[in-house]
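>>> Provided below for reference: sequence and predicted model.
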Amino acid sequence: MKHTLSQLALFGGAPAFAEPLHVGRPNIGDRARLLERINHILDERWLTNAGPYVQEFEERIARMIGVKHCVAMCNATVALEIAIRALGMTGEVVVPSMTFVATAHALQWQQITPVFCDIDPDTLTLAPRRIEELLTPRTTGIIGVHLWGRACDTDAIQSLARRHNLRVLYDAAHAFASTHKGKMVGNFGDAEVFSFHATKFFNTLEGGAVVTNDDELAAKLRLMKNFGFAGYDNVVYVGTNGKMSEVSAAMGLTGLESLDEFIAVNCAHYQQYNAELAGVRGVRVLPYDAGERANYQYVVLDIDAAETGVTRDQLLEMLWAENVRARRYFFPGVHRMEPYRSLYPMTHRRLPVTENMVARVLVLPTGTAVSGDDIRAICQLLRLVTEQHTEFARTWNERQRAPALFSVPV
Ligand code: T4K
């Protein structure tokens with residue numbers, strides 16, 4: 001535990017952690033059970049192409065979510081691309097900029113214009129009243145992102161979509177196993193996409209899925225993720241290769257057996273962060289809706305620099321020096337990344353809430369690789385710096401004039 005500013009690694013002290021503490025450290029389920037499944041895959045010599053584990057995985061997910069169809073894929077980015085195409089989205093699609101770049105890339109990759117829409121300051125998801133003013137005759141759909149597991153305003157988006165005859169897809173990469181309005185996420189819009197990437201609280205190494213209650217759409221998705229094959233030698237669509245492998249499905253089936261445990265650990269960590277940071281001025285842990293079931297996979301701080309006396313980026317740099325690899329998801333906003341900032345250079349003008357939030361958020365490590373002691377030490381660092389912010393700022397400025405001991409590789 002550090003109690004004085006001179007102990008900070010930024011100012012010459014030893015880092016609080018000997019090894020880097022990551023935000024996206026994977027949760028690993030029962031290793032013996034996983035290896036047993038992998039051995040079975042090798043024994044059977046059935047490695048991919050809708051093998052038995054993928055089928056079982058899809059059935060398990062569909063049952064758990066309460067949807068008619070789960071189509072497992074190789075990752076969520078390809079799943080988004082395929083869902084966008086299967087839904088017939090073309091022209092322009094409204095999407096938030098406060099998201100991982102993959103949401104917009106999945107559109108641009110298919111020559112569809114992502115029309116960036118601002119977010120609601122409370123939910124940080126698409127602001128429905130901002131969507132309407134962006135609609136043009138070329139608009140064919142809306143992609144909402146359930147950011148950090150908090151669901152979009154699905155009612156407002158649905159009624160807007162109905163009025164304007166638009167398709168609705170949700171990027172639910174962060175919201176697996178969460179509920180919204182008492183229903184499992186996966187049941188909203190025309191379809192929803194999950195990510196099971198290594199950094200998600202539940203992973204299939206790489207992986208993703210599209211879930212839907214639409215039979216016709218599901219059939220199309222299945223064809224499209226398998227080159228458009230409707231049977232041997234019979235291709236009926238232009239398709240791609242979006243298939244999940246058997247090893248990924250084995251990882252998924254094994255992880256599902258520990259899902260409740262992963263969520264319980266995330267929830268305990270989230271509560272500990274909340275308790276330890278209570279009373280730290282200008283630092284707010286973004287809340288989860290207590291009335292819903294959440295996966296608690298992201299611990300996101302909202303830093304009000306006017307209150308803390310230090311900026312989000314100063315806190316980030318301080319933490320990295322201590323070997324805490326906190327992240328600024330999703331700085332600087334997709335609209336400020338290429339190719340979007342060159343293609344649509346004025347977009348930032350209509351995204352004031354997004355522009356404000358990307359400068360304030362800080363995502364902290366959680367998951368089964370993080371301990372209660374780790375969290376206590378991280379919170380103590382934040383408390384120390386914010387309580388002594390005047391002295392911190394003075395030492396920081398002196399350090400700026402001296403050769404840097406450490407800098408965040410951004
Ligand atoms: N939509 C949304 C809203 C998303 O957030 C994402 C992905 C997608 C769509 C697309 O889903 P996928 O196509 O990936 O299924 C990471 C993940 O790669 C990405 O999946 C995720 N969102 C995003 C939020 O985070 P990076 O560029 O930050 O990854 P990276 O390599 O910096 O890893 C993050 C941290 O995790 C590092 O501190 C290291 C640690 N890590 C990472 C890996 C891969 C580990 O400890 N072990 C590992 O195996 O994007």
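Everything's here; your move.

>>> got the contact list for the closest residue to the ligand within the stretch 301-410 of the chain?
With CB to the nearest ligand atom, the shortest gap between the stretch 301-410 of the chain and the ligand falls at Arg325, namely 4.6 Å. Quick note: C-beta positions are derived from backbone N, CA and C, even for glycine. Shown in contact with Arg325 (CB atoms under 8 Å, 6 or more residues apart in numbering): 20-23, 319, 365.

>>> of the residues you listed, buried ones?
If you count burial by 16 or more other CB atoms under 10 Å, the buried members of those come out as 21-23, 319, 365.

>>> just checking: which of those also lie near the ligand?
Among these, the ones lying near the ligand by CB under 6 Å from any ligand atom are 22-23.

>>> Now for the buried ones among the contacts of Arg325: which two are most distant?
His22 and Leu319 (11.8 Å; CB to CB).

>>> show me where pLDDT drops low in the protein?
Across the chain, the ranges flagged by pLDDT under 70 are 402-410.

>>> change it to 90
Within the chain, the ranges that satisfy pLDDT under 90 run 1, 24, 237, 290, 398-410.

>>> Flag every buried residue along the helix or strand encompassing Gln380.
Using DSSP states H and E, the element containing Gln380 is helix 372-387. For helix 372-387, the neighbour count (16+ other CB under 10 Å) marks 374-375, 377-379, 381-386 as buried.

>>> Name the nearest of the residues you listed relative to Gln7.
Nearest member of those to Gln7, counting by CB to CB, is Leu384, at 8.4 Å.

>>> The closest one is in contact with Ser6, isn't it?
No - checked against CB atoms under 8 Å, the pair Leu384 and Ser6 is beyond contact range at 10.9 Å.

>>> Which of the helices or strands spans the nearest residue to Arg281 once chain neighbours are set aside?
With sequence-adjacent residues excluded and distances taken as CB to CB, 6 or more residues apart in numbering, Arg281 is closest to Glu307, at 5.0 Å. For Glu307, the host element (DSSP H and E) is helix 305-308.

>>> Which SSE is immediately downstream of that helix?
Downstream of helix 305-308, the first helix or strand assigned by DSSP H and E is helix 312-321.

>>> tell me the angle that next one makes with helix 372-387.
140 degrees (axes from the mean of the first three to the mean of the last three CA atoms, to 10 degrees).

>>> roughly how far apart are the closest residue to His389 other than its chain neighbours and Arg383?
In this structure, His389 finds its nearest non-sequential neighbour in Gly309, 3.0 Å apart by CB to CB, 6+ apart. Distance, Gly309 to Arg383, using CB to CB, to the nearest Å: 13 Å.

>>> Then Ala79?
According to CB to CB, Ala79 and Arg383 sit 41 Å apart.

>>> Kindly report the same for Thr77.
On the measure of CB to CB, Thr77 and Arg383 end up 38 Å apart.

>>> And Asp289, by the same measure?
Using CB to CB, Asp289 is found at 27 Å from Arg383.

>>> What about Tyr284, how many residues nearby?
Residue 284: Arg, not Tyr. Counted with other CB atoms under 10 Å, the neighbours of Arg284 add up to 15.

>>> Give me the secondary structure label for it.
For Arg284, the assignment made with DSSP: H, G, I helix; E, B strand; the rest coil gives strand.

>>> what about the closest residue to it other than its chain neighbours, which SS state?
Nearest non-adjacent residue to Arg284, counting by CB to CB, 6+ apart: Asp302, 4.5 Å away. The three-state assignment at Asp302 reads strand, by three-state DSSP.

>>> Identify the residues contacting Asp302.
283-286, 357, 360-361.

>>> element containing the residue nearest to Val54 when sequence neighbours are not counted, please.
Computed as CB to CB, 6+ apart, the closest residue to Val54 that is not its neighbour in sequence is Ala249, at 4.4 Å. Counting by DSSP H and E, the element that carries Ala249 is helix 246-256.

>>> other SSEs contacting that helix?
Here helix 246-256 touches helix 31-44, helix 52-65, strand 69-73, going by 3 or more CB pairs under 8 Å, 6 or more residues apart in numbering; DSSP states H and E.

>>> What is the first one packed up against?
So that's helix 31-44. Judged by 3+ CB pairs under 8 Å, 6+ apart, helix 31-44 is in contact with helix 52-65, helix 246-256.

>>> now, of the ones you listed, which is deepest in the fold?
Of all these, helix 246-256 has the most neighbours on average by mean count of other CB atoms under 10 Å, namely a mean of 24.

>>> any residues touching the next helix or strand after that one, and which ones?
Downstream of helix 246-256, the first helix or strand assigned by DSSP H and E is helix 259-277. Residues outside helix 259-277 that contact it (CB under 8 Å, 6+ apart) are 27, 177, 201-202, 255, 283, 285, 288, 294-297, 299, 301, 364, 366-368, 370, 372, 375-376, 379-380, 382-383.

>>> check which helix or strand covers the residue nearest the centre of the chain.
Central residue of the chain (CA atoms, centre = their mean): His174, 4.2 Å from the mean position. Using DSSP H and E, His174 is not contained in any helix or strand.

>>> and it, what does it touch?
145-149, 195, 200, 297-298.

>>> could you redo the last one with a cut-off of 10 Å?
Applying CB atoms under 10 Å, 6 or more residues apart in numbering, one finds that His174 lies in contact with 99-100, 145-151, 185, 194-195, 200-201, 295, 297-298, 329.

>>> surely Leu319 meets Ala9?
Yes - counting by CB atoms under 10 Å, Leu319 does reach Ala9; the two are 9.5 Å apart.

>>> report the longest strand in the protein, please.
Ranked by number of residues, the top strand in the chain under DSSP state E is strand 139-145.

>>> and for the helix or strand that it is followed by, what are the contacting residues?
Downstream of strand 139-145, the first helix or strand assigned by DSSP H and E is helix 154-164. Residues outside helix 154-164 that contact it (CB under 10 Å, 6+ apart): 94, 120, 125-129, 131-132, 135, 139-144, 146, 152-153, 166-168, 170, 180-181, 183, 185, 187-190.
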